[in-house]
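In: heads up, no residue letters with this:
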């Protein structure tokens, strides 16, 4: 430490940089657990249909309001390496399942809380991790036995499952309308033979303005583009669409080049050659029988005028992904050269129209009544950008859940019913384990209880009392479908309330949380780059 003075004579103290004391062993494990639990506690209040929302403010002032676990954690600036594992955990759940991102983090936090108390008892971290792994397998196996199988053609159950997913979202007021849209979209693109769904075929478009209930499913493609010329027709019936990835312009040499124009005659000749290229390209389009041109590239006023003169409406600067979806929806072929354009390569659509919104100049293209309905668009309206972004996230979650049901049509019941049933089963299984892992298995059962307790607390009731009543009722009635009545509908039977969750999503939640907790428990030292040098 040294005392010195600045140029104005003010004293200040210079302190030597304090070296951080490196933590190892059990202290490192507890620090890691504390870091992960801190993130878990942030998300706890967002669990369930009565969960609270979080407002995230980015460095540039952009506001996001959501209760989606993956979005919240992704928006947080997390530096701790262990906390980053929890962020990755929610991302994995979001990528694999699409829903349950808050629940998986809450469960991981509860497991770590139980692990901390076991470490205090002197049980080794590896033994705890192995016990959790055994308990997880017991819980997953039991879930498979209590799951109900629904027929994939049972649209009502698919819709009810989507409603259960949307029930905890900001847009839950319109959950019935949104659930219907999501189910219809998934069934439109589903491959029932392979029992798979390609969500890339479902395009989500949005436009600020209007009301959320004006959100609609378009059996076709919506393009955020306009007709290139103001005097071209804005609606084309029974359109034959040429989908081009070649620009309306004269060919250019690939090497560096320069053209010297010395007099007016040479300029006129050059202009005539250019015009001839344009006329030839437009003629090839017209001769193919096309009534609408969709071009990936732009074109100048000369080409635009010639297209208008030849009664060929056109749309320019259409993106590559949209071009592919258009080709799938209309049954057309993507044409890279004008010379290859033929009638057989044209796509067809019953209606192509330009739609204006409100009093603004915003317009979009609706390509509807396509020959192939294997590509659809969900068009979202909303009062502001924040609501639309939250609606997109919510619809994405619902789409993923319906897709999971198409893949594996087994369901379990929500409201914490599945967790309570698994907790009872794991508790019973612990009696058959003679090693110290028995403590870890019992701790896993206690951690599962954290989910219904949190659901009850977020609904404004006493979590412990609600859990004890439901647990006693499940055991006395032998009914694993009893859960927390968050919406106060008068019954704890989630089957009667029609609160569904996919079996695949629930087992994935348990396994992902267990794997991350195992990883954290096996870390007893954190070595930074500075310490390695």
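Out: Cool, got the structure. What you see is a predicted model, and the numbers here were worked out from it, not measured in a lab.

In: which strands or helices does the helix or strand containing residue 104 pack on?
Out: Using DSSP states H and E, residue 104 sits within helix 101-120. If contacts are counted by 3 or more Cβ pairs under 8 Å, 6 or more residues apart in numbering; DSSP states H and E, helix 101-120 sits against helix 25-44, helix 69-75, helix 81-96, helix 125-146, helix 437-448, helix 450-458, helix 503-521. The way it works is simple: take the backbone N, C-alpha and C, and place the C-beta from them, glycine included.

In: one more time with 10 Å
Out: Under the contact definition 3 or more Cβ pairs under 10 Å, 6 or more residues apart in numbering; DSSP states H and E, helix 101-120 sits against helix 25-44, helix 69-75, helix 81-96, helix 125-146, helix 417-430, helix 437-448, helix 450-458, helix 503-521.

In: next, the angle helix 125-146 makes with the fifth one.
Out: So that's helix 417-430. Helix 417-430 runs at 120 degrees relative to helix 125-146, counting by axes from the mean of the first three to the mean of the last three Cα atoms, to 10 degrees.

In: for the record, mean pLDDT for helix 417-430?
Out: Averaging pLDDT along helix 417-430 gives 91.

In: may I see the buried residues of stretch 114-128?
Out: 114, 115, 116, 118, 119, 123, 125, 127, 128 (16 or more other Cβ atoms under 10 Å).

In: of all the residues you listed, which two lie farthest apart?
Out: Distances among those were taken as Cβ to Cβ; the most separated pair is 116 and 127, at 14.4 Å.

In: hmm, back to that, residue 491: which of the helices and strands packed on helix 101-120 is closest?
Out: Of all the helices and strands packed on helix 101-120, it is helix 417-430 that lies closest to residue 491, at 11.8 Å by Cβ to Cβ.

In: re earlier: tilt between the helix holding residue 104 and helix 125-146?
Out: 140 degrees.

In: which residues touch the residue nearest to the spatial centre of the chain?
Out: Taking Cα atoms, centre = their mean, the centroid of the chain lies closest to residue 396, which sits 4.8 Å from it. Applying Cβ atoms under 10 Å, 6 or more residues apart in numbering to residue 396 gives the contacts 68, 94, 98, 99, 182, 199, 202, 204, 378.

In: nearest to residue 446 among those?
Out: The closest of the contacts of residue 396 to residue 446 turns out to be residue 99 (Cβ to Cβ; 24.9 Å).

In: go ahead and confirm that closest one touches residue 501.
Out: Yes - with contact defined as Cβ atoms under 10 Å, residue 99 reaches residue 501; the gap is 8.3 Å.

In: more neighbours, these two?
Out: residue 99 (31 against 25; other Cβ atoms under 10 Å).

In: excluding its backbone neighbours, what's nearest the more buried one?
Out: residue 397 (4.5 Å; Cβ to Cβ, 6 or more residues apart in numbering).

In: joint contacts of residue 99 and residue 501?
Out: 161, 164, 165, 401, 404, 509.

In: how about low-confidence regions in the stretch 251-400 of the chain?
Out: Residue ranges of the stretch 251-400 of the chain with pLDDT under 70: 358-360, 373.

In: if we can go back for a sec, which SS state does the residue nearest to residue 99 fall under?
Out: Secondary structure state of residue 397, per DSSP: H, G, I helix; E, B strand; the rest coil, is helix.

In: what residues are up against it?
Out: Applying Cβ under 10 Å, 6+ apart, the residues near residue 397 are 68, 70, 94, 97-101, 162, 165-166, 168-169, 182.

In: could you measure from it over to residue 100?
Out: Relative to residue 100, residue 397 is positioned 9 Å away (Cβ to Cβ, to the nearest Å).

In: what's the answer for residue 33, then?
Out: Residue 33 is 22 Å from residue 100, by Cβ to Cβ.

In: what's the nearest residue to residue 86 if we skip its chain neighbours?
Out: Per Cβ to Cβ, 6+ apart, closest to residue 86 is residue 39, 4.7 Å.

In: contacting residues for the one you found?
Out: 69, 72-73, 76, 78, 80, 82-87, 89-90, 105, 108-109.

In: now, of those, which are buried?
Out: For those, buried by 16+ other Cβ under 10 Å: 69, 72-73, 78, 80, 82-83, 85-87, 89-90, 105, 108-109.

In: if we can go back for a sec, format the contacts of residue 397 as TSV; extra columns: pLDDT and distance to residue 298.
Out: Output for these, formatted as TSV (pLDDT from 0 to 100; distance: Cβ to Cβ, whole Å):
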residue	pLDDT	distance to residue 298
68	84	37
70	84	37
94	84	37
97	83	41
98	81	37
99	81	41
100	80	44
101	84	40
162	88	40
165	85	41
166	87	40
168	80	44
169	83	39
182	92	35
